[in-house]
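Undergrad: sequence unavailable; structure follows:
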């Protein structure tokens, strides 16, 4: 998959920054500013996984992991993230 381009990369970086600050709500708002078709990009999904992990929505974490395995099977994170058990990486 092609890399994200500005301004979407700016929103992704802002979301990552919000997660580092412990604010998953602001992180989610930043991801929502990414162009709709690109919200399924593996880089975006990885941050989205952390948001759902923060609120302990394990079912959505598993769904994101499954999507990551299909979109980017070379990324180990997808294989880990689709685990049925609560997991923190």
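TA: That came through fine. Here the structure is a predicted model, which is why all the values come from computation and not from measurement.
Undergrad: show me where pLDDT drops low in this structure?
TA: Applying pLDDT under 70 to the chain picks out residues 84-89.
Undergrad: do a quick rundown of the helices in it.
TA: With DSSP state H, the ranges of helices along the chain come out as 8-20, 24-32, 42-54, 58-71, 76-81.
Undergrad: buried residues, the last one. List them.
TA: Going back to what we said before, that points to helix 76-81. Going by neighbour count (16 or more other CB atoms under 10 Å), the buried part of helix 76-81 is 77, 78, 81. The C-beta positions use only the backbone N, C-alpha and C, and glycine is treated the same way.
Undergrad: what is that helix packed up against?
TA: Applying 3 or more CB pairs under 8 Å, 6 or more residues apart in numbering; DSSP states H and E, we find helix 76-81 packed against helix 42-54, helix 58-71.
Undergrad: what sits up against the longest one?
TA: Which is helix 58-71. Contacting residues not belonging to helix 58-71 are listed as 1, 40, 42, 45-46, 48-49, 52-53, 75, 77-87 [CB atoms under 8 Å, 6 or more residues apart in numbering].
Undergrad: before we move on, what about the shortest one?
TA: Taking contacts as CB under 8 Å, 6+ apart, the residues outside helix 42-54 that touch it are 1, 3-4, 12, 15-16, 19, 24, 27-28, 31, 34, 38-39, 58, 60-61, 64-65, 67-68, 71-72, 75, 77-78, 81, 87-88.
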